[in-house]
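Novice: next comes the sequence, and after it the predicted model I'd like to discuss.
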Amino acid sequence: MRAAVLGTGSSLPERVLTNTELERMVETSDEWIRTRTGIRTRRIAGPDEQNYQLATRAAQHALTAAGIAAQDLGLIIVATISPHMLMPSCACFVQTELGANNAFAFDLNAACSGFLYALDVARKYIAADPKMKVLVIGSETLSARVDWEDRNTCILFGDGAGACVLGSAEERGILDSCLLSDGSLWNLLYMDSPASKNPDLLDPESKGCVIQMSGRDVFKYAVRAMEDVVRQLLERQQLSISDISLIIPHQANIRILDKLADRLGAQANQVFCNVDKYGNTSAASIPIALDEAVRQGRLQRGDKLLLCAFGGGFTWGSMLLKW
Ligand code: ACO
């Protein structure tokens, strides 16, 4: 028995923010953003689109697709770095909204790798209890966590949520995964929070609870780390890149995706990409892309699906599934 995806769903805010609008907010241009990142638009959450609300809507679609009732869930994990409250977890809000009163629920923070980490946790719970149904969500409202005066970061990120329901299956499911992290490089990509010693005050040197990033370093590490971790997985499974039907990498920016595909020797049609529409939605990017891939008929039963991610921490990982 393996942990398999039984249904997927996603939810995006209605508001579309274009590069042209960003030109009026910071010193940038549509041309610069498109050529450096591949991003054309991103979605921005409104007042009725808080993190847990987007997460709940994505979850409802995934439950419908799986044909599973909320009461049948045993566990809910929300991967996020932008919960609307520090406590309770976003997952507990989702549980209440869904009426999933037989589940326990918690959030998981592994930045842009969060959804992969959460899938791996789900896989292990299902291995221990094959009857368990697990809801795994990646959900972010990063628009609340960027400095809208910092052109280095504000052009990159967007809001949204994606979800999967997992249960056990005989013939398909998660085959293998490889997760890694390196906390020593934390200061290349981070978001401050109020100091725990004095929660009302931020460090006077801090720019606030917003994403701060050394873009060039992140770029370099992201490509190298994802390449390594994909190669490790392929080698362990005695597969080559041509055996993979679809690769869904974390949607950070098109140049990272192109470079990764190039170094792995993957064809353009093997790599799923929607970063042009939604920007970087951190933990939500893989499940949103997976749901779109499913709805576009890009995955057939038996296909080998490869997921890979890189994010703050640093955290990174890869996962192989038989669809
Ligand atoms: N518009 C116009 N000019 C800009 C902008 C902007 N929005 N942002 C930066 N610039 C300028 C810089 O100020 C710099 O100007 P200078 O030469 O006068 O100093 C110039 O453009 C070049 O800046 P670089 O940072 O060297 O530009 P680079 O080509 O590296 O592109 C980018 C920047 C897009 C951020 C790139 O480094 C990148 O993609 N990094 C990866 C970051 C990422 O994806 N982070 C997401 C989180 S981690 C993850 O999800 C994997």
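Specialist: Here it is on my side, so go on.

Novice: chain center to stretch 260-269: distance?
Specialist: Centroid separation for stretch 260-269 versus its chain: 21 Å, with C-alpha atoms, centre = their mean, to the nearest Å.

Novice: buried residues in it?
Specialist: Neighbour-count burial for stretch 260-269, counted by 16 or more other C-beta atoms under 10 Å, picks out 260-261, 264, 266. (Glycine included, C-beta is placed from N, CA and C.)

Novice: same question for stretch 157-173.
Specialist: The neighbour-count criterion (16+ other C-beta under 10 Å) identifies 157-169, 172-173 as the buried residues of stretch 157-173.

Novice: sorry, back to before: where helices are concerned, which of the buried residues of stretch 260-269 count?
Specialist: Among those, the members found in helices (DSSP state H) are 260-261, 264.

Novice: three-state assignment of residue 283?
Specialist: helix (DSSP: H, G, I helix; E, B strand; the rest coil).

Novice: ditto for residue 75
Specialist: Under three-state DSSP, residue 75 comes out as strand.

Novice: out of everything not next to it in sequence, what's closest to it?
Specialist: Leaving aside its sequence neighbours, residue 75 sits nearest to residue 134 (C-beta to C-beta, 6 or more residues apart in numbering; 4.6 Å).

Novice: so how far is residue 161 from the residue most central in space within the chain?
Specialist: By C-alpha atoms, centre = their mean, the mean C-alpha position of the chain lies nearest to residue 283, the distance being 2.5 Å. For residue 283, the distance to residue 161 equals 9 Å [C-beta to C-beta, to the nearest Å].

Novice: what pLDDT is listed against the residue in the stretch 51-200 of the chain that the ligand sits nearest to?
Specialist: Closest residue of the stretch 51-200 of the chain to the ligand, C-beta to the nearest ligand atom: residue 151 (3.7 Å). pLDDT, residue 151: 96.

Novice: equivalent analysis for the one 3 residues further on, please.
Specialist: Reported pLDDT at residue 154 in the predicted model: 97.

Novice: next one: the one 5 residues further on
Specialist: Residue-level confidence at residue 159 comes out at 98, pLDDT.

Novice: next: the one 4 residues further on.
Specialist: According to the per-residue confidence, residue 163 scores 98 in pLDDT.

Novice: work out for me the element it sits within.
Specialist: Taking DSSP states H and E as the definition, one finds residue 163 inside strand 159-169.

Novice: now residue 114
Specialist: In the assignment (DSSP H and E), residue 114 maps to helix 114-128.

Novice: now tell me what touches that helix from outside.
Specialist: Residues outside helix 114-128 that contact it (C-beta atoms under 8 Å, 6 or more residues apart in numbering): 1-3, 74-75, 77-81, 108, 110, 132, 134, 136-138, 162, 164, 166-168, 174, 177, 179, 282-287, 307-309, 311, 315, 317-319.

Novice: kindly supply the ChimeraX command isolating those of the residues you listed that are buried.
Specialist: Buried residues within those, by 16+ other C-beta under 10 Å, are selected in ChimeraX with:
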select :2,3,74,75,77,78,79,80,81,108,110,132,134,136,137,138,162,164,166,167,168,174,177,179,282,283,284,285,286,287,307,308,309,311,315,317,318,319
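
Novice: which ones among the contacts of helix 114-128 come in contact with the ligand?
Specialist: The subset of the contacts of helix 114-128 lying close to the ligand, counting by C-beta under 6 Å from any ligand atom, consists of residue 311.

Novice: so which bits of the protein are right by the ligand?
Specialist: Taking C-beta under 6 Å from any ligand atom as the contact definition, the chain meets the ligand at 28, 32-33, 36-37, 112, 151-152, 155-156, 189, 213, 215-216, 218-219, 222, 250, 252-253, 255, 280, 310-311.

Novice: before we move on, back to that, which neighbours do residue 283 and residue 161 share?
Specialist: Counting by C-beta under 8 Å, 6+ apart, the residues touching both residue 283 and residue 161 are 138-140.

Novice: rewinding a little: quick check: closest non-adjacent residue to the residue of the stretch 51-200 of the chain closest to the ligand.
Specialist: Of all residues not flanking residue 151 in the chain, residue 26 sits nearest, at 4.0 Å (C-beta to C-beta, 6+ apart).
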